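In: Need coordinates for the following:
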Amino acid sequence: MRVVPTWPGLALLALLSAPAAAADLDLGYIPNPQPGEQPALLLTPSRTVTRLDVVIEAGGRSYEFHQEGLAGGVQQRFPWARDTSVTEASAYILAVFDDGYVSELTVPIEYSYGAPLSVSLDGASADVKARTLTVQATARVNSAEITAYGAHKAVLDKRTVDVNQGPGAVTIPWVGDPEDVVLLDVTVHGDSAWSGFTYSPWFLDIPHEDVLFDTDQATIPPSEEYKLQHTLAELQEVLDKYGSVVPVKLYIAGCTDTVGDAAHNRDLSQRRARAIASWLRAHGYDKPIYTHGFGEGLLATPTGDNTDEPRNRRVLYMVGANPPPAGSGVPSVSWSEL
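Out: Numbers count the residues shown, from 1 in each chain. The predicted model follows:
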């Protein structure tokens, strides 16, 4: 898979230099121009742009572009001359949107004509306890530049580490305190190429008071809804703090005690988790929600079979940019999206 590094707004990120434009412009570029291919800036406005000016500075030359009346969601390409002795450029961008908002930014670009190095996040895994992130690389990775971002996009740490792994699985250490790191911005370097990506190992348990369901029921009693109102307020605080850094996803895990058949309990816990998810959605929570029913497989208090233990009849609320990672206390499962 060929990776095209991007700036905020897309899944992979190479040079995080324009956070103010995250909601307005998706920016990317060609990291390894192929034979006969020109290096290029890739730009996709989020909505209609009435005027767009782009100036590329590369190899001592300027490349100027002017466009008007661009539709939102349509990618634009701005190329410059192919010169294998030039591997750095800068782009000045001025965009005037149809609502009058003006976005102006300058972004640096680094690229390579050497052997391509790309990183796949398919199957990427983060180990909280080991403080490592494992990805797949198409070539050997010698080193990695890592920047760790926290809440409100504060820079927590930035350093370069030796990797010396690949091709194949490459394990990269975290920088920054795992409890505070929300987003890792990584640029990996090989012998003659480089590639960049972002990954979020961040997740949080949302403190809450458990909804008390009637025996063998998945309908939320009206008398219990005040608890979900409190949870809704907690989730809004999370969005205010982290929503500008990563796409926040909510994971709801349903659990039961050991009374009854295990298969029935798995189904019951899933229905209860989905009932809570549906309530949150109906009451204004509009971010992605995923559920899974663990039944009696995730006991808070270990008990024998057919034990009525209220502490095990619970639901967990977790938020993150990705499913709960290894070491989070929640097994890796296939979550169902609401």
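In: counting contacts, what elements does the longest helix along the chain pack onto?
Out: In the chain, assigned by DSSP state H, the helix with the most residues is helix 262-282. Here helix 262-282 touches helix 225-242, strand 249-255, strand 289-295, strand 315-320, going by 3 or more Cβ pairs under 8 Å, 6 or more residues apart in numbering; DSSP states H and E. Bear in mind the C-beta positions are built from the backbone N, C-alpha and C, glycine included.
In: Check which residues of it are buried.
Out: 265-266, 268-277, 279-280 (16 or more other Cβ atoms under 10 Å).
In: Rounded mean pLDDT for that helix, please.
Out: Averaging pLDDT along helix 262-282 gives 95.
In: Okay, now the unreliable bits of the chain?
Out: 1-23, 114-115, 192, 326-327 (pLDDT under 70).
In: coming back round to it: in TSV, list the helices and strands packed on helix 262-282 along with mean neighbour count.
Out: Below are those laid out as TSV (neighbours: other Cβ atoms under 10 Å):
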stretch	mean neighbour count
helix 225-242	15
strand 249-255	24
strand 289-295	23
strand 315-320	21
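In: out of those, which comes closest to Ala139?
Out: strand 315-320 (29.7 Å; Cβ to Cβ).
In: how many degrees apart are that closest one and helix 225-242 in direction?
Out: Here strand 315-320 runs at an angle of 10 degrees relative to helix 225-242 (axes from the mean of the first three to the mean of the last three Cα atoms, to 10 degrees).
In: Name the surrounding residues that touch whichever helix or strand comes after strand 315-320.
Out: Of the helices and strands lying after strand 315-320 in sequence (DSSP states H and E), the nearest is strand 336-337. Strand 336-337 has contacts (Cβ atoms under 8 Å, 6 or more residues apart in numbering) with 270, 274, 288-292.
In: My guess is Val163 contacts Gly190. True?
Out: No: the pair Val163 and Gly190 does not pass the contact test of Cβ atoms under 8 Å, sitting 9.7 Å apart.
In: who's more crowded, the two?
Out: Gly190 (22 against 19; other Cβ atoms under 10 Å).
In: Give me the spatial nearest neighbour of the more buried one, chain neighbours excluded.
Out: Leu117 (4.4 Å; Cβ to Cβ, 6 or more residues apart in numbering).
In: what about that neighbour, how many neighbours?
Out: Leu117: 25 neighbours (other Cβ under 10 Å).
In: For it, give its distance to Arg159.
Out: As judged by Cβ to Cβ, to the nearest Å, Leu117 and Arg159 stand 20 Å apart.
In: rewinding a little: go through the helices and strands packed on helix 262-282 and name the closest to Ala148.
Out: helix 225-242 (13.9 Å).
In: starting at the chain centroid, how far to that closest one?
Out: 20 Å (Cα atoms, centre = their mean, to the nearest Å).
In: where do the contact lists of Val163 and Gly190 overlap?
Out: Common neighbours of Val163 and Gly190 (Cβ under 8 Å, 6+ apart) are 141-142.
In: Let me see the domain layout of the chain.
Out: Domain ranges of the chain: 19-110, 119-201, 204-337, per automatic domain parsing.
In: Just flag the most distant two among the contacts of strand 336-337.
Out: Largest separation among the contacts of strand 336-337 by Cβ to Cβ: Gln270 and Pro288, giving 17.4 Å.
In: Give me the number of neighbouring residues for the closest residue to Val211 other than its chain neighbours.
Out: The shortest distance from Val211 to any non-neighbouring residue, by Cβ to Cβ, 6+ apart, is to Glu224 (4.7 Å). Each residue near Glu224 was counted by other Cβ under 10 Å, and the total is 16.
In: Likewise for Asp214?
Out: The number of residues near Asp214, taken as other Cβ under 10 Å, comes to 10.
In: so what's it up against?
Out: Pro221.
In: ok, now the one 10 residues further on?
Out: For Glu224, the contacting residues are 211-213, taking Cβ under 8 Å, 6+ apart as the criterion.
In: Please indicate which of those residues are buried?
Out: Using 16+ other Cβ under 10 Å, the buried ones in those are 211, 213.
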